[in-house]
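Visitor: Everything below, folded, please.
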Amino acid sequence: MSDDRHVPDSPARRRPGPTAVIAAALALLLGAGLLAVRSLADRGPAPSVAVDQAATTSRGADVTARSTPPTPTPSADVPTVAAGRPAGPADGDGQGTATAFLTAWQGGDWARMQALVLDPSDDMTRVYGGLSTRLHVTRTQVRPGAWTPGPDAGRLAYHVTLTLDGLGDAGWDSAVDVARAADGWRVRFTAPTLYPGLQVGQRLDLVPGGDPALTDRRGRPLTDDAELAANLVGHGATDTAGASGLVRVLAGQGQGPGTALAVVDAVTGQRAAVVAQWHGGRVATTLDLDVQRAAERALAGAPGPAALVAIDTATGEVRAMADRPSSGVPASIGAAVAPGSTFKIVTATAALLAGQDPAATVQCTPSVTVGGRTIVNHEGQQTGPMSLTTAFAVSCNTAFVRLAAGLPASAVHDAAALYGFDGGAPLPIASVGGSAPLPANAAETAEGAIGQGRVTASPLQLASVAAAVADGTWRQPHVLPCPACAAHPVPVAGTLRTMMRAVVTRGTATQLAGLPDVYGKTGTAEYGGGSPPATHAWFVGWQGRTAFAVLVHDGVSGSAVAVPVAATFLRALGS
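Guide: The predicted structure is shown next:
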């Protein structure tokens, strides 16, 4: 029963910096080509030297670092000695060897790195050169860290920062392991030497990632609000889940995703970890975090599960969509339930379009039977002869059943179409609008007149109805710029405004009379078929340019439950 109980692979080589020249001189003085580095206990960490990455040619950008390589076949472009070991100095101390390895990486000297590894089959051109080409590295900075010595082995920690062309910096911490060999100290290269935790068969690569930075209309990140982050923003495509929410929509429009540096499987491309990511740009939505927070505060006082949507009356832009609880399918945009007496706005529109005078007398009886369906009014409700405006204000069911019965069979359905009741999804994300099918018989006409039967709507839809009456044009609600969104004029909006003001001044929402210029319509919608029937409580309306709809599941009545939530919202909005 409906009453109102209402986001050139390599740069040109630059001249070596002073520090690099000094390092080379020291290497010559030592006769072994190693950079002598004192213990960090005496000097602290070695300074980072900025050297631009040299142009290189990868012999296999996709080859993965191997921790247990097979027996090598000597390559023509890698110097070798009789024993098959790459030529180059290796005598000295372990820390110097590790530092020389890192200095060579920073300078893009893959041959030098090759000369320092223990196992010649660990191809540094393929590993580090491939990395540089694949990631479009324009600058490499390596800072040695703590040295951990051992009798025949040691480890030098380091931090590396790579600058990727067009993206920015990415860095991580790892370590170089060295071991004493027959001819001196060598780097014991494994996959984690390049990146911590890197496994055999994995590599570092650029992949889609870094969702667009969605903001409210004032530029504040929507992720500042946990509810919007969960129910509206969504996330980009990964290997374990598809894209969702507005991120999916923007990706389809070419506005995302951004780029991520990730650890991926070299064969399948499946990502195992994200090292860094760059967003696909900033995208402003129509949401307003101030309005959103006011809505969330209002729902905190609701007696049960509830939802509230706020829309700008002049544009159709959604300002807030709040739900309590915030988990699960958001009822604010996803609930398709009976709108109850709030749908009398549509029925009144049909009557006014047919020429009904809002001052004309209608009969509000305790009950009426149409097509075998008996409709009653709320016990104790005002009955008797009254104007259509008064019947609307006090939400007389029987008067509106009689009103619809005297209209053409498609009148209410056609009026609903003016307000976007077409069964479609209003938003580009999963959302529900409104549905008002053509009635099959007199009983369905009677039920539909008071928002019951097969008529359904979401808070999003009903907030758009209130916005349409306030402005005179129904606009499809939207959260992103929508130049192609539907819009329909509502010719009788002026009269409807008078009727909705009467609801607040002398009808079922007088609790709001103390707030300036509030317009609205209450609703109590039956569902489930129990005895007594379960009900949802509704209140829709507007103040200024903010239209809203409140739904309280299992609320006693719109007047008793939904109106107080609306009052709290409006007060919070004005504070």
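Visitor: contacts and neighbour counts: CA atoms only from here.
Guide: Noted.
Visitor: Let me see the domain layout of the protein.
Guide: The chain resolves into domains spanning 18-200, 213-283, 289-574 when parsed by automatic domain parsing.
Visitor: Need the winner for burial among those domains.
Guide: Greatest average neighbour count among the domains of the chain goes to domain 289-574 (a mean of 22), per mean count of other CA atoms under 10 Å.
Visitor: Could you give the separation of it from the chain centroid?
Guide: 29 Å (CA atoms, centre = their mean, to the nearest Å).
Visitor: circling back: distance to Leu206 added to the domains of the chain, as TSV?
Guide: Putting these into TSV (distance: least, CA to CA, whole Å) gives the following:
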stretch	distance to Leu206
domain 18-200	7
domain 213-283	5
domain 289-574	28
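Visitor: so what's Pro533 closest to, chain neighbours aside?
Guide: Excluding the flanking residues, the one nearest Pro533 by CA to CA, 6 or more residues apart in numbering is Glu526, at 5.9 Å.
Visitor: Check which helix or strand the one you found maps to.
Guide: Assigned by DSSP states H and E, Glu526 belongs to strand 518-527.
Visitor: packing partners for that strand?
Guide: In terms of contacts (3 or more CA pairs under 8 Å, 6 or more residues apart in numbering; DSSP states H and E), strand 518-527 is packed against helix 493-506, strand 534-543.
Visitor: Indicate which one of those is closest to Val267.
Guide: strand 534-543 (54.3 Å; CA to CA).
Visitor: Name the next helix or strand downstream of that closest one, please.
Guide: Downstream of strand 534-543, the next assigned helix or strand under DSSP H and E is strand 546-552.
Visitor: for the helix or strand following that next one, packing partners?
Guide: Remark: after strand 546-552, the chain's next helix or strand is helix 563-574, criterion DSSP H and E. Contacts defined by 3+ CA pairs under 8 Å, 6+ apart place helix 563-574 against helix 289-299, strand 534-543.
Visitor: what lines up beside the shortest one in the sheet?
Guide: Sheet pairing of strand 534-543 (DSSP bridges) gives strand 518-527 (antiparallel), strand 546-552 (antiparallel).
Visitor: Who are the packing partners of whatever helix or strand Gly145 lives in?
Guide: Using DSSP H and E, Gly145 sits in strand 137-149. The contact analysis (3+ CA pairs under 8 Å, 6+ apart) places strand 137-149 against helix 40-43, strand 51-52, helix 94-107, strand 153-164.
Visitor: need the next SSE after the longest one, C-terminal direction.
Guide: Right, the one you point to is helix 94-107. Going down the chain from helix 94-107, the next helix or strand is helix 110-116, by DSSP H and E.
Visitor: Which neighbouring elements make contact with that following helix?
Guide: By 3+ CA pairs under 8 Å, 6+ apart, helix 110-116 packs against helix 94-107, helix 124.
Visitor: Leu480: which of these is closest?
Guide: With CA to CA as the criterion, Leu480 lies closest to helix 94-107 of the helices and strands packed on helix 110-116, at 45.1 Å.
Visitor: In contact with the residue nearest the centre of the chain, which residues?
Guide: Geometric centre of the chain, nearest residue: Val233, 1.6 Å, by CA atoms, centre = their mean. Counting by CA atoms under 8 Å, 6 or more residues apart in numbering, Val233 touches 214, 222-223, 244-247.
Visitor: So among those residues, where is pLDDT lowest?
Guide: Lowest pLDDT among these: Ser244, with 67.
Visitor: if we can go back for a sec, using JSON lines, please lay out the helices and strands packed on strand 518-527 together with distance to Pro481 and mean pLDDT.
Guide: Below are these laid out as JSON lines (distance: least, CA to CA, whole Å; pLDDT from 0 to 100):
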{"stretch": "helix 493-506", "distance to Pro481": "25", "mean pLDDT": "98"}
{"stretch": "strand 534-543", "distance to Pro481": "22", "mean pLDDT": "97"}
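Visitor: Can I get the ones you listed in CSV including distance to Gly453?
Guide: CSV is the format used below for these (distance: least, CA to CA, whole Å):
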stretch, distance to Gly453
helix 493-506, 24
strand 534-543, 14
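Visitor: Select, out of the ones you listed, the one closest to Ser332.
Guide: Relative to Ser332, the nearest member of those by CA to CA is strand 534-543, separated by 12.1 Å.
Visitor: Show the residue spans covered by the strands in the stretch 201-350 of the chain.
Guide: 202-208, 213-215, 259-265, 271-278, 282-284, 306-312, 318-324 (DSSP state E, counting those that start in this stretch).
Visitor: pLDDT averaged over the first one - what is it?
Guide: So the one you mean is strand 202-208. Here strand 202-208 scores 91 as its mean pLDDT.
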